[in-house]
Structure formats: structure tokens, C-alpha cells
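**Student:** here is a sequence with its predicted model. Questions after.
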Amino acid sequence: MRSKIVPLATAAIAVALLAGCSSGGSGGAATGGASDTASSAAPKPTKTASAQTKAEACAQLEGEFRSFVASQSSASAPADPKARAAVVSELNERLDAALPDIGNTTVKTAFSDFNAAAKDYAAALTSGGSADSAAAKKAESDVQAALQEVSAACPA
């Protein structure tokens with residue numbers, strides 16, 4: 001199951017952040033048949049926080065990404081920066097809700113950094129009104145760097 005986290009994260013980023021940018025990855029992971037209630041079907045922590053393995057933590061967050069990707073009505077982000085920021089904010093809300101249940105420190109830190117970078121991206125889109133602004137480009141680069149951290153924490 002760990003091997004699915006990076007494609008799902010990439011698909012979520014493609015949907016939420018990078019609409020048409022060449023720096024995204026494979027969008028083919030947006031499968032799984034999840035519905036709006038899929039987040040309730042996401043795996044629950046099975047061990048105490050200190051005993052959670054990387055694989056368990058990655059699988060838990062994979063469920064959140066799968067649910068988010070499945071809930072999107074389009075395979076690409078909205079062209080309007082404020083609408084795109086709203087999609088990113090939805091992803092942030094899901095991660096904010098999921099991260100307290102993650103017990104593996106390495107995985108939690110990686111996804112917390114990714115979530116913070118995505119929040120900065122949404123803020124840059126909202127305040128600048130353009131995905132091409134310097135602030136949005138910088139924030140997008142930070143999201144890509146955070147995704148590399150996620151990839152290291154949850155390798156394929």
C-alpha cells in the first residue's frame with residue numbers, strides 16, 4: 001500500500017495545485033471509487049502513537065489522499081486562482097483533520113511540512129490573484145520540495 005502514496009499525492013497536487021504544469025507526476029492514481037463519505041472509511045490508527053510504523057502512517061494518509069482525489073469533480077485545478085486556492089484549502093482541511101492521528105514522527109513531519117507549503121500556496125493565490133505571481137511561483141516550488149520530503153518518508 002505504501003507504493004500508492006506518492007502517485008496519490010502527485011494526483012492530489014495535480015488536481016489542487018499544478019493544473020497543467022509539467023512538474024507534476026502521473027495523474028493515473030485518481031482511482032479507487034471513493035465517495036464523499038470515503039474519509040470515514042480511511043484506516044484508523046491501530047497502534048499507539050509511538051508504535052506506529054511508517055507503512056501504517058503512510059497507509060493512513062493514503063486514504064485521505066484517495067478520498068480527496070475521488071471527491072474532485074475534475075482532473076485539473078480550476079483556472080481561477082481563488083477557486084484553485086479553495087481546492088487547496090479543502091486538501092489542507094483534510095490533512096489538518098488527519099495529522100493528529102498520525103503517530104510516526106517522520107511521516108507526520110513530512111506531511112505537516114507539505115500541508116504548510118500548500119497553505120502558503122493557497123494564501124499566495126488568494127492574495128496575489130494570479131498563479132503566475134512571484135509569491136505563487138515560490139510557494140509552488142516549496143510545495144514541490146515538500147512533496148520530495150513526503151516521497152522520502154513514504155517511498156514507493
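**Tutor:** Alright, I've got the coordinates. Residues are numbered from 1 along each chain as shown.
**Student:** residues contacting Ala152?
**Tutor:** For Ala152, the contacting residues are Ala110, by Cβ atoms under 8 Å, 6 or more residues apart in numbering. Yep, even glycine has a C-beta here, placed from its N, CA and C like the rest.
**Student:** now do it, the pLDDT please.
**Tutor:** Confidence at Ala152, expressed as pLDDT, is 89.
**Student:** so it versus Asp120, what's the distance?
**Tutor:** When distances are taken as Cβ to Cβ, to the nearest Å, Ala152 and Asp120 turn out to be 20 Å apart.
**Student:** how about the helix or strand that contains Arg66: buried residues?
**Tutor:** Of the helices and strands defined by DSSP states H and E, Arg66 is found in helix 54-71. Applying a neighbour-count criterion of 16 or more other Cβ atoms under 10 Å, one finds 54, 56-71 buried in helix 54-71.
**Student:** repeat for stretch 126-139
**Tutor:** Per 16+ other Cβ under 10 Å, stretch 126-139 contains these buried residues: Thr126, Gly128, Ala131, Ala136, Ala139.
**Student:** could you do stretch 80-99 as well?
**Tutor:** For stretch 80-99, the neighbour count (16+ other Cβ under 10 Å) marks Pro81, Arg84, Ala85, Val87, Val88, Ser89, Leu91, Asn92, Arg94, Leu95, Ala98, Leu99 as buried.
**Student:** the host helix or strand of the second one versus helix 54-71: what angle between them?
**Tutor:** For Arg84, the host element (DSSP H and E) is helix 81-98. Inter-element angle recorded for helix 81-98 and helix 54-71: 140 degrees (by axes from the mean of the first three to the mean of the last three Cα atoms, to 10 degrees).
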